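In: here is a sequence together with a model predicted from it:
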There are 2 protein chains.
Amino acid sequence: MKQDDRNRSVRLLWEPDAQVTREPKGALSRARVVEAAIKVADAEGIGALTMRRVAETLGFTTMSLYRHVPGKSELLDLMVDAVWGETEHTPRGPWRAGLEFYARQMWSMYRAHPWLLQLTNARRMPGPNAMTRQDAAFAAVSELGLKPEEIVAVVTTVGQFVAGVGRTMADRILAERETGVSEEDWWNDRDELWGHFTPERLPMMTHIWTTGGYERPLDEFEFGLARVLDGLEVFISSEDRPLVRRKTCL
Amino acid sequence: MKQDDRNRSVRLLWEPDAQVTREPKGALSRARVVEAAIKVADAEGIGALTMRRVAETLGFTTMSLYRHVPGKSELLDLMVDAVWGETEHTPRGPWRAGLEFYARQMWSMYRAHPWLLQLTNARRMPGPNAMTRQDAAFAAVSELGLKPEEIVAVVTTVGQFVAGVGRTMADRILAERETGVSEEDWWNDRDELWGHFTPERLPMMTHIWTTGGYERPLDEFEFGLARVLDGLEVFISSEDRPLVRRKTCL
DNA sequence: AAGCAGAGTGTACGTTGTACACGGCACTAG
DNA sequence: CTAGTGCCGTGTACAACGTACACTCTGCTT
């Protein structure tokens, strides 16, 4: 019965104090559990986030956590929304500054909590903090007279790009934290690989390599963000905006 | 000793026939294991990809797989590169058509094998197929006289965007396949959520909702790709290209 | 005929999420 | 003051995971 309550996460996120009739009595609390879980995930990634590990850092037994959180899945929902609540909302326009602010806020959130990008976003219960931030991002471009579906598309494009670069960065950071081995050491250990990068097989890559293109790379986030915003500017300032409707489901 | 061979994956991917001195004798083979694993992951995602499950679909015992593949991690490396080998390379310029082709190829690869985006890319051994495709993508923009680090940045920007949208799509598809519950049904089960979306709390979102912005959404991939390419065009055709160097590590 | 290498099997272990039954505490009703 | 009624934290137990390790069986080489 309790297991089948599909709206449990909804209430957990959106009505935080509904079921708290008295002040917390025990030493443990939902907030403490969530906080400890975030700390573990920050330090070692989602892979190291186990109920036993969280309990251990709190000095309680594993099962004590289940008094405050229905299960691991709901704990993740709470962690995600707690993180969305850490930063301030996107201010209203001018649109380009607003979108850039939105992008940089997410970027720094992903840097601080790289495990966010290890999680599926599909079917995760959105919490009030995440939704409020999303709403503010929409508001940043509301002055442009875009069609509602265009507002969504513009903000989403920025979000998808930041998630894309973010994922790469997050995976790198977490791999380093989790294993304790630096990126450089790891690749140096696999020295046999580079012998296979021959000019016949990979002409462009060896050319880029020998001309130093990999030694002084451009900042992926800064470069890409500027391009994406430029592209959106082209769209926004164009007279008749092309409409690209979704043809198929999914 | 065997455990500590950091170059095992390198040889596995880049010298596939080095250790095969005779023709395969047994009924099982590395290729058959990889193929079966891809089929399982396609159907139910990485979460369902277990050694037991793969062996089961092949009609062998779990441990028989270890005769042909050193471990699960290396099996994943082989699966990834096998998938990169399924599609053709990006043809050489004109640059915009080439980048668009590259983006669409990755997009369809992600559609066919959504589990690709559930995997970390960090510290995954690159295989010959992936690297050849990457090289071809670089070649597509080689005519523009870009600096080597700019070539990398341009191609990477497209890749990051496609990975971003792709992840969202992949997670949705896989959630549906894994659980057998459609996206719509899942959200309908959580009906209490929508009551919390009030105009006071989320003015823009409710406005977009009531004006139908969510009912006829634009295609995220098509819309975003056009914007990203537009943005790159602005960069490419600008006289003095701004250089954005990476300031800090990671 | 001897023996060896490689394919496939079976058992066993440590780690995961969590169901379930239990003990101790604090408050409230009589 | 005593009995009762929940909540807090504990302990044990189980199924599923990757895989180490010790086998059996087969077929080729000498």
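Out: Done, it's in.
In: what helix or strand does A:R92 sit in?
Out: Following DSSP states H and E, one finds A:R92 outside all helices and strands.
In: what residues does it make contact with?
Out: Residues near A:R92 by C-beta atoms under 8 Å, 6 or more residues apart in numbering or on different chains: A:G98, A:A136, A:A139, A:A140, A:S142, A:E143. Where you see a C-beta, it was placed from the backbone N, CA and C, and this is true even at glycine.
In: next, format those residues as CSV and append secondary structure and distance to B:I46.
Out: CSV is the format used below for the contacts of A:R92 (DSSP: H, G, I helix; E, B strand; the rest coil; distance: C-beta to C-beta, whole Å):
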residue, secondary structure, distance to B:I46
A:G98, helix, 37
A:A136, helix, 34
A:A139, helix, 37
A:A140, helix, 36
A:S142, helix, 39
A:E143, helix, 43
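In: quick one, domains of chain A?
Out: A:2-84, A:95-236 (automatic domain parsing).
In: save those domains as JSON lines, and put in distance to B:R167 too.
Out: Shown next, in JSON lines, are the domains of chain A (distance: least, C-beta to C-beta, whole Å):
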{"stretch": "domain A:2-84", "distance to B:R167": "15"}
{"stretch": "domain A:95-236", "distance to B:R167": "7"}
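In: buried deepest among the ones you listed, which one?
Out: Each of those was assessed for mean neighbour count using mean count of other C-beta atoms under 10 Å in any protein chain shown. The highest is domain A:95-236, with a mean of 19.
In: quick one: mean pLDDT for that one?
Out: Predicted confidence along domain A:95-236 averages 95 (mean pLDDT).
In: go through the domains of chain A and name the closest to chain B.
Out: Ranking these by their distance to chain B (criterion: C-beta to the nearest C-beta) puts domain A:95-236 first, at 2.7 Å.
In: chain center to the closest one: distance?
Out: Domain A:95-236 sits 10 Å away from the centroid of its parent chain (C-alpha atoms, centre = their mean, to the nearest Å).
In: those strands in chain A, which residues are they?
Out: Using DSSP state E, no strands are assigned anywhere in chain A.
In: right, is the lengthiest helix in it up against chain B?
Out: Of all the elements of type helix in chain A, the one with the most residues (DSSP state H) is helix A:148-179. Yes - for a cut-off given as C-beta under 8 Å from any C-beta of the partner chain, helix A:148-179 has contacts with chain B, namely A:148-153, A:156-157, A:159-165, A:167-169, A:171-176.
In: now do stretch A:123-136
Out: Yes - judged by C-beta under 8 Å from any C-beta, stretch A:123-136 and chain B are in contact via A:R123, A:M125, A:P126, A:P128, A:M131, A:T132, A:Q134, A:D135, A:A136.
In: what sits against the residue of chain A found nearest DNA strand D?
Out: Evaluated by C-beta to the nearest atom of the strand, chain A has A:G26 as its residue closest to DNA strand D, separated by 2.7 Å. Residues in contact with A:G26 (C-beta under 8 Å, 6+ apart) are A:R67.
In: now, which of the contacts of A:R92 sits nearest A:S64?
Out: Using C-beta to C-beta, A:A136 is the member of the contacts of A:R92 that sits closest to A:S64, with 37.2 Å.
In: from A:H89, how far off is the closest one?
Out: 4 Å (C-beta to C-beta, to the nearest Å).
In: I'd say A:V34 and A:A82 touch.
Out: Yes - contact criterion C-beta atoms under 8 Å: A:V34 and A:A82 qualify, at 5.5 Å.
In: farthest pair within the contacts of A:R92?
Out: Checking the contacts of A:R92 with C-beta to C-beta, the most distant pair is A:A136 and A:E143, at 13.5 Å.
In: now do the phi/psi pair for the residue lying farthest from the centre of chain A.
Out: Ranked by distance from the centre of chain A (C-alpha atoms, centre = their mean), the top residue is A:E200, with 39.5 Å. Reported as degrees, to the nearest 10, the phi and psi values for A:E200 are phi -70, psi -40.
In: list the contacts of it.
Out: Taking C-beta under 8 Å, 6+ apart as the definition of contact, A:E200 has no neighbours.
In: quick check: the gap between it and A:T206.
Out: Using C-beta to C-beta, which is the criterion applied here, A:E200 is 9 Å from A:T206.
In: try A:F197
Out: A:F197 sits 6 Å away from A:T206 when distances are taken as C-beta to C-beta.
In: wait, doesn't A:V141 sit right on A:G93?
Out: Yes - the pair A:V141 / A:G93 is scored as a contact, 7.1 Å apart, by C-beta under 8 Å.
In: can you give me the helices in chain A?
Out: Across chain A, reading from the start of the chain, the helices by DSSP H fall at A:8-14, A:30-44, A:51-58, A:72-84, A:95-112, A:128-140, A:148-179, A:183-189, A:203-210, A:220-236.
In: would you reformat the ones you listed as JSON lines and include distance to B:R6?
Out: JSON lines is the format used below for the helices of chain A (distance: least, C-beta to C-beta, whole Å):
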{"stretch": "helix A:8-14", "distance to B:R6": "42"}
{"stretch": "helix A:30-44", "distance to B:R6": "22"}
{"stretch": "helix A:51-58", "distance to B:R6": "28"}
{"stretch": "helix A:72-84", "distance to B:R6": "33"}
{"stretch": "helix A:95-112", "distance to B:R6": "29"}
{"stretch": "helix A:128-140", "distance to B:R6": "40"}
{"stretch": "helix A:148-179", "distance to B:R6": "12"}
{"stretch": "helix A:183-189", "distance to B:R6": "4"}
{"stretch": "helix A:203-210", "distance to B:R6": "21"}
{"stretch": "helix A:220-236", "distance to B:R6": "27"}
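In: can I get those helices in JSON lines including distance to DNA strand C?
Out: Below are the helices of chain A laid out as JSON lines (distance: least, C-beta to the nearest atom of the strand, whole Å):
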{"stretch": "helix A:8-14", "distance to DNA strand C": "12"}
{"stretch": "helix A:30-44", "distance to DNA strand C": "10"}
{"stretch": "helix A:51-58", "distance to DNA strand C": "4"}
{"stretch": "helix A:72-84", "distance to DNA strand C": "3"}
{"stretch": "helix A:95-112", "distance to DNA strand C": "22"}
{"stretch": "helix A:128-140", "distance to DNA strand C": "22"}
{"stretch": "helix A:148-179", "distance to DNA strand C": "13"}
{"stretch": "helix A:183-189", "distance to DNA strand C": "23"}
{"stretch": "helix A:203-210", "distance to DNA strand C": "34"}
{"stretch": "helix A:220-236", "distance to DNA strand C": "31"}
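In: surely A:G98 touches A:A140?
Out: Yes - look at A:G98 against A:A140 with C-beta under 8 Å: they come within range, at 2.9 Å.
In: got any residues that touch both of those two?
Out: Counting by C-beta under 8 Å, 6+ apart, the residues touching both A:G98 and A:A140 are A:T90, A:P91, A:R92.
In: so which residues on chain A come close to DNA strand D?
Out: On the criterion C-beta under 7 Å from any atom of the strand, DNA strand D has as its neighbours in chain A the residues A:24-28, A:55, A:60-64, A:66-68.
In: tell me the least confident of the residues you listed?
Out: Minimum pLDDT across those falls on A:P24, with 53.
In: list the contacts for A:A136?
Out: A:H89, A:T90, A:P91, A:R92, A:Y102, B:M204.
In: from these, pick the one nearest B:Y110.
Out: For those, with B:Y110 as the reference and C-beta to C-beta as the criterion, the closest is A:Y102, at 25.0 Å.
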